[in-house]
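S.K.: compute the structure for the input listed below.
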Amino acid sequence: MRIDGTYNEWARKKVIANKKAWIEEQKETIEQFKKQKTPEFLQQFRPDGYSVDKEKWVSDKSSIINQADEALEYLQKIEDSLE
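M.R.: Reported below is the predicted structural model:
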């Protein structure tokens, strides 16, 4: 490819394809993050050896979805600039 003079173009396209693949992975991760429920943890604090307590965290779902949407918009702008 270097002899033909096509290597630089191939390398540029390969870099762009890798960046687009990374952006798609990030978008999928953010979409999964938006769909997740409030986390719950089971913790064993009692000395009896078998009782567990459920710890539930409180989160602002609308804030999380807002931030995720902003991140998706930003990733879309990056993807559009690659073309």
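
S.K.: for Lys56, which residues count as its bridge partners?
M.R.: Note on Lys56: beta-bridge partners by DSSP bridges are Glu40.

S.K.: tell me how far it lies from Leu42.
M.R.: 10 Å (Cβ to Cβ, to the nearest Å). Any C-beta I mention is one placed from the backbone N, CA and C, and that applies to glycine too.

S.K.: do Leu82 as well
M.R.: For Leu82, the distance to Leu42 - Cβ to Cβ - is 44 Å.

S.K.: between the two, point out the one with more neighbours.
M.R.: A side-by-side neighbour count of Leu82 and Leu42, using other Cβ atoms under 10 Å, places Leu82 first with 11 against 8.

S.K.: what residues are up against the more buried one?
M.R.: Residues near Leu82 by Cβ atoms under 8 Å, 6 or more residues apart in numbering: Ile16, Lys19, Lys20.

S.K.: mind running it again at 6 Å?
M.R.: Ile16, Lys19 (Cβ atoms under 6 Å, 6 or more residues apart in numbering).

S.K.: for it, phi and psi?
M.R.: According to degrees, to the nearest 10, the main-chain angles of Leu82 amount to phi -80, psi -20.

S.K.: number of residues surrounding Gln67?
M.R.: When counting by other Cβ under 10 Å, one arrives at 14 neighbours for Gln67.

S.K.: so where does it fall, helix or strand?
M.R.: In this assignment (DSSP states H and E), Gln67 forms part of helix 61-82.

S.K.: just want the most central residue of this structure.
M.R.: By Cα atoms, centre = their mean, the chain has its centre lying nearest to Thr29, at 3.0 Å.
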